[in-house]
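1. Quick one, structure for this:
(one chain, ligands or ions: 1)
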Amino acid sequence: MSKVLIIGAGGVGNVVVRKCAMVPEIFTDIMLASRTKSKCDQIAAAVGGNKVKTAKVDADNVPELVALINSYKPDIVINVALPYQDLHIMEACLQTKTHYLDTANYEPIDEAKFEYKWQWAFHDRFKNAGITAILGCGFDPGVTSIFTAYANKHYFDEMHQLDIVDCNAGDHGKSFATNFNPEINIREITQRGKYWKQGQWVETEPLEIHKPIIYPEIGPKESYLLYHEELESLVKNFPTLKSARFWMTFGEKYINFLNVLQEVGMTSIKPVMYEGREIVPLQFLKAVLPEPSSLGEGYKGKTSIGCQIKGIKDGKERTYYVWNNCDHAECYREVEAQAISYTTGVPAMIGAMMVLTGQWKGEGVFNVEDFNPDPFMEMLNKHGLPWHEEIDKPLPVNQ
Ligand code: NDP
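-> Presented below is the predicted three-dimensional model:
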């Protein structure tokens, strides 16, 4: 018997709600709250049977959040609004002694710089309140860190090299669209690249380093080195890592559009004056781009996200590759979502399940690799994200 409050009725929120509703033995009561209530009502209607309650909430307003949590009394809050809301929702969870889970780490709205320091700073307060906060429980961050913890537990004495490879070989048929919130997505990929090498961070120009990587069932795709948030916690939690990199695929057309938008100033987060009022170009761009939740219908092709790891086992060199492939059209058939929303929403549901069933226990603020990966890996296979592994074969990232 557990009550869950999901905040954020976007592409990911839709998946979390529907997947929680498919596990009624754990999620007995579900509420979806967001800024635009009509979006919550639409998702609740799609689930049907009056299973999902809805509410309007401004997740930047802590007293409003506290009032909602106090009236509904959830056991856990799943935050799938935007990273800007993370600290406010964590604060409300603290004040109401409610467990917390999210899928993306906090970044200030006026500076495109995500870092865990703001959320890790809540650790002692969560510990003293006797509640759990789980950070970054989507696919990447999320499953990629659980894959790494699983590899470390079962296959390596020492991990030395980690490459997270994220390929979307899908086609949504639009000229230009982002698969998750456009503002957050564009902020992430237009910032400088960064990777871990011999115990320190090396910076690159945005999208400077790229090469083709071969993905299972997909083939070679041009992959770009980005800085991604899970690298920060993984190099801290697995200190034997000498190298840690994150790669993401982009098509030529996407990069061309992005370059033009950047050159004309549309991706800037600095306010400009327009007809007597300040607007932020990137926020305006978001308003004219397709919403991620609208991309599912007709989306074809697959994603492939995984971890390629090199290290030592029993004194010998070892390689390990673990990955999931997810089909956009199958996701749409199941929950009317594209695969990026699906691969984020399913792990968020499983993470909440881990807390509610007591399989992940802890008082304080944690990253997902702090917990036992085994029950989570088992649930991925059961709830729509089956994974595959290869041991001691040449790693595609090194070829
Ligand atoms: P969307 O833009 O589709 O949805 C965001 C939702 O949050 C919208 O419904 C929006 O409301 C709501 N929201 C925004 N601000 C507020 C607020 N102040 N109060 C209440 N609700 C608010 O984004 P996605 O669903 O694609 O992404 C959701 C989250 O998932 C993001 O944080 C994203 O970074 C993360 N993510 C994580 C991934 C991972 O693998 N770890 C991958 C993909 C996404 P409105 O509808 O009114 O605009």
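2. Report all helices and strands that the helix or strand bottoming out on mean pLDDT in the chain contacts.
-> Lowest by mean pLDDT, DSSP states H and E among the helices and strands of the chain is helix 182-190, with a mean of 89. Identification of packing neighbours for helix 182-190 by 3 or more Cβ pairs under 8 Å, 6 or more residues apart in numbering; DSSP states H and E yields strand 219-226, helix 252-263, helix 281-288. For glycine as for every other residue, the C-beta is placed from the backbone atoms N, C-alpha and C.
3. In CSV: the ones you listed, plus mean pLDDT.
-> Compiled in CSV, the helices and strands packed on helix 182-190 are given as follows (pLDDT from 0 to 100):
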stretch, mean pLDDT
strand 219-226, 97
helix 252-263, 92
helix 281-288, 95
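4. What ranges does the chain have for its helices?
-> In the chain, the helices defined using DSSP state H lie at 11-21, 37-47, 62-72, 86-96, 117-120, 123-129, 143-154, 182-190, 230-237, 252-263, 281-288, 328-335, 339-356, 373-382.
5. wait, which of the helices and strands packed on helix 182-190 is closest to the ligand?
-> Across the helices and strands packed on helix 182-190, the ligand has its closest neighbour in helix 281-288 (8.1 Å, Cβ to the nearest ligand atom).
6. Direction-wise, compare the closest one with helix 182-190 and give the angle.
-> 130 degrees (axes from the mean of the first three to the mean of the last three Cα atoms, to 10 degrees).
7. Residue 120 versus the residue nearest in space to the middle of the chain, what's the distance?
-> The structure's the chain has its C-alpha centroid closest to residue 138; by Cα atoms, centre = their mean the separation is 3.6 Å. Taking Cβ to Cβ, to the nearest Å as the measure, residue 138 falls 18 Å from residue 120.
8. For the closest residue to the ligand within the chain, which non-adjacent residue is closest in space?
-> At 1.8 Å from the ligand, residue 10 is the closest residue in the chain, using Cβ to the nearest ligand atom. In space, and not counting its chain neighbours, residue 10 is closest to residue 293: 5.5 Å by Cβ to Cβ, 6 or more residues apart in numbering.
9. Kindly compare burial across the helices and strands packed on helix 182-190 and name the winner.
-> strand 219-226 (a mean of 18; mean count of other Cβ atoms under 10 Å).
10. what's that strand in contact with?
-> Strand 219-226 is contacted from outside by 165, 167, 169, 188-189, 193, 195, 204, 207-215, 245-252, using Cβ atoms under 8 Å, 6 or more residues apart in numbering.
11. Whichever of the residues you listed end up buried, select them in PyMOL.
-> Command for PyMOL that selects the buried part of those, burial taken from 16 or more other Cβ atoms under 10 Å:
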select buried, resi 165+167+169+188+189+193+195+207+210+213+215+245+246+247+248+249+250
